[in-house]
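Participant: predicted model follows, preceded by the sequence.
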Amino acid sequence: MAGQAKVKIASLSPLLADLARQVGGDKVTVVDLIGTTGSPHSFQPTTQTMKEASGAHLYLASGKGLEPYLPKLKSLIGDSALVLEVGKNIRSLEISNNSGVYVCCPNHSHGIIDPHWWHSIENWRKATSVLADHLIKIDPANKAHYKATSMAYREQLSQTHSWAKTQVATIPKSARLLATAHAAFGYFCKDYKFKSIPLRGVNSEQASSPQYLAEAIATLQKSDVKAIFPDESSNPKALLTVSKASGVKLAPKIYSDSHASIIGMFQHNVTTITQALK
Ligand SMILES: [Zn+2]
Ligand SMILES: [Zn+2]
């Protein structure tokens, strides 16, 4: 980096784009390649994406197997930029029969790691430091800036976590059952002590088969779940069928993968979950 040039960051997740803006401030330009209307589960880089990202110093990926196209992307970029898998050294939750962690979609059905690490504030605090360290390497002249912004943001994240804990505390322990249309909340459930109940066949990433719907209805009927939470990838028709047949109400939607703000996503999800379950 020379002179006043800004660091160009190309992000493969809208949440990581927010992190880049929080830590980078006015020293970086951020290109959000997927955007809040896209899904990281189905995204594939195109010629258009590569054009938008052209000249980037740093690519941000979630890692943990979320982006099966990364080897191809790396070969296209070559040595011109670093591809940072932000989640790589952040703790993982493993998918297994009794861990309460589930497979999310066909793209990840062969993995044993749940890629949705971003539903934990503690993980974002680590991610903030990981990104700041890399920005300092790329742009050492602005070290003091990145140190200050990352410290301030880690503090904001801590405050959000404390707030979330006080909110969740208003839900009786027996009601902390999180039934979702997408198996994305394992990390959230672990942090805030919910039991995760992902329903199969009710989001657009999975085929909606009569067998899945029957299973979802049976699961809901034998639990004390108070509400089902749709998200940005839900299949509204399948969810309505399951809700009617089980008698469990549909709550307003929560966000799994795509939101313009990390803290905004937590505020929305925690508020929505608390309102529906307390
Ligand atoms: Zn997935
Ligand atoms: Zn997801």
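Facilitator: Alright, I've got the coordinates. Ligands and ions are numbered 1, 2, ... in the order given.
Participant: mind listing the helices for the stretch 151-278 of the chain?
Facilitator: Read by DSSP state H, counting those that start in this stretch, the stretch 151-278 of the chain holds these helices, from start to end of the chain: 186-192, 210-221, 236-246, 262-277.
Participant: highest mean neighbour count out of those helices?
Facilitator: The highest average neighbour count among these, using mean count of other Cβ atoms under 10 Å, belongs to helix 186-192 at a mean of 22. (Glycine included, C-beta is placed from N, CA and C.)
Participant: how about it, does it reach ligand 2?
Facilitator: No: figure legend: helix 186-192 not in contact with ligand 2 (Cβ under 5 Å from the ion); closest approach 10.6 Å.
Participant: try stretch 64-83
Facilitator: No: residues of stretch 64-83 contacting ligand 2 under Cβ under 5 Å from the ion: none, with a closest distance of 7.9 Å.
Participant: ok, and what's touching that stretch?
Facilitator: Applying Cβ atoms under 8 Å, 6 or more residues apart in numbering, the external contacts of stretch 64-83 come out as 10, 12, 40-41, 43-45, 50, 56-59, 61, 85, 87-88, 90, 92, 107-108, 111, 113-115, 117, 134, 138.
Participant: please pick the buried ones from the residues you listed.
Facilitator: Among the contacts of stretch 64-83, those that count as buried by neighbour count (16 or more other Cβ atoms under 10 Å) are 10, 12, 40-41, 43, 45, 56-59, 61, 85, 87, 90, 92, 107-108, 111, 113-115, 117, 134, 138.
Participant: let's have the helices of the stretch 151-278 of the chain in JSON lines, adding mean pLDDT.
Facilitator: As requested, the helices of the stretch 151-278 of the chain are exported to JSON lines (pLDDT from 0 to 100):
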{"stretch": "helix 186-192", "mean pLDDT": "97"}
{"stretch": "helix 210-221", "mean pLDDT": "92"}
{"stretch": "helix 236-246", "mean pLDDT": "95"}
{"stretch": "helix 262-277", "mean pLDDT": "98"}
